[in-house]
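[1] Pasted the sequence and its predicted model underneath.
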Amino acid sequence: MQQRLERIRAALGREGTQALWVSSPASVRYLSGFTHPEDGRMLITPTQAVLYTDSRYTVQAREDVNEGVEVVIAAPQKALEDAAPKVEGMKVAVEGTHLTVSALEKLKEAWKVQLHPSEGVVENLRLIKAEDEVEGVRAAQDLADRVFAAVRPQIKAGAREVDVAIALEQGLRQAGATSAFDVIVASGVRGALPHGTASDKVIEDGDLVTVDFGANLNGYNSDMTRTVAVGQPSDELKRIYNAVLEAEEAAVQAIKPGMKAGDLDAVARDILEGHGLGEAFAHSLGHGVGLVVHEGPRLSKGSEDVLKPGMVITIEPGAYVEGLGGVRIEDLVLVTEDGYEVLSHSPKEQV
Ligand SMILES: CSCC[C@H](N)C(=O)N[C@@H](C)C(=O)N[C@@H](C)C(=O)O
């Protein structure tokens, strides 16, 4: 953990700043260990790392924080006043993509220092997961796999999409996790909605049902999609399903450290284009997963991000046809020194 702080200080030095005000919850958690980071802020200077939170968390914060992090219990305005002398004369980086306009105004008012909107200082460190972080994601995914296996028999004609979502959410809660995001259950024509959160639509015979969900366990997330056939889908739906499966498996098998994420996206995109489904693949191939469900690297068309060992990514091509339905198949994958390890183990349908 001390190493994380040292690496942040080195990154700040490279951009010519001396301190960082951390306001994004994932980064507060990453740098401090605090388990309620939405109610915390951090200040990192060359000699101090301070977690500010309020009196609701006096006990929790002291229990949670990593070695080398000092806890100061103070309401938000008092926290800024406490930090003012600590940053005097410094150029202070703030998280440009997270700090709200009003929070920035309050900092300016309280500190009278030069503020620098910085991008990705902490996010860049979070790209490569430490071993304990990989284990965190793996545990979340193992749990999600077990919950999916238990709920799979309920995905049948006559059930409502929302019943499937509730069963998944309940399974996650009972196993000590929460839902990483609103569960997506999109059946029949609703399958054409890439993010069709579960509705009260009744699943019908012949539907393909896209189920996309994740567990959040101890702060770390999983993310997986399976498309399930109920009864006998039409030949066209089967054709689309098999094209997406082919693209997904080819992209997973192509994962290598050192490759550009854009080239991996092209593996899946080329296959789907070959099946006449290029336009139907309406999003990117995938993304990094960790303390946040969508984090770097970006696996999108033309992405220059380079895959490195320790990255946890999703591979999730899809095809969506308005008025007909859709398919997405998603695995969670660890990039390793010599290739990859698939972390999601739920079986895929053969249709
Ligand atoms: C709201 S979290 C949804 C998680 C889901 N598994 C997911 O990642 N869906 C993708 C289609 C997605 O949203 N991809 C993003 C990165 C994109 O293509 O911009």
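    Arrived safely, thanks for sending. Numbers count the residues shown, from 1 in each chain.

[2] Would you mind listing what in this protein touches the ligand?
    Residues of the chain found near the ligand (CB under 6 Å from any ligand atom) are 181, 194, 212, 223, 225, 283, 284, 287, 293, 294, 316, 330. Every C-beta, even on glycine, is put in place using the N, C-alpha and C of the backbone.

[3] Now list the buried members of these.
    194, 212, 223, 225, 284, 287, 293, 316, 330 (16 or more other CB atoms under 10 Å).

[4] so which of the residues you listed would you say is closest to residue 187?
    residue 212 (12.4 Å; CB to CB).

[5] Verify the contact between that closest one and residue 329 for me.
    No. Residue 212 is beyond contact range of residue 329, at 9.9 Å (criterion: CB atoms under 8 Å).

[6] joint contacts of these two?
    In terms of CB atoms under 8 Å, 6 or more residues apart in numbering, residue 212 and residue 329 are both contacted by the residues residue 225.

[7] which of the residues of the chain next to the ligand sit farthest apart?
    181 and 284 (16.4 Å).

[8] which residues does the most centrally placed residue in the chain contact?
    Closest residue to the average C-alpha location of the chain: residue 293 at 1.4 Å, with CA atoms, centre = their mean. Applying CB under 8 Å, 6+ apart to residue 293 gives the contacts 180, 181, 214, 221, 223.

[9] Surely the fourth one touches residue 291?
    Right, residue 221. Yes. If you go by CB under 8 Å, residue 221 and residue 291 touch, sitting 7.3 Å apart.

[10] and the two? which has more neighbours close in?
    Higher neighbour count among residue 221 and residue 291: residue 221, with 28 against 23, using other CB atoms under 10 Å.

[11] what about residue 167, helix or strand, and which?
    If you go by DSSP states H and E, residue 167 is part of helix 161-174.

[12] And the next helix or strand past that helix?
    Next element after helix 161-174 (DSSP H and E): strand 178-179.

[13] what packs against that next one?
    Other elements packing on strand 178-179 under the criterion 3 or more CB pairs under 8 Å, 6 or more residues apart in numbering; DSSP states H and E are helix 161-174, strand 215-217.

[14] Could you dump these into CSV with mean neighbour count added?
    Listed next are these as CSV, based on neighbours: other CB atoms under 10 Å:
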stretch, mean neighbour count
helix 161-174, 19
strand 215-217, 24
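
[15] Reformat these as JSON lines; add mean pLDDT and distance to residue 129.
    Listed next are the helices and strands packed on strand 178-179 as JSON lines, based on pLDDT from 0 to 100; distance: least, CB to CB, whole Å:
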{"stretch": "helix 161-174", "mean pLDDT": "98", "distance to residue 129": "22"}
{"stretch": "strand 215-217", "mean pLDDT": "98", "distance to residue 129": "15"}
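
[16] Any idea how far apart the tips of stretch 295-304 sit?
    15 Å (CA to CA, to the nearest Å).

[17] No further queries at this time; thank you.
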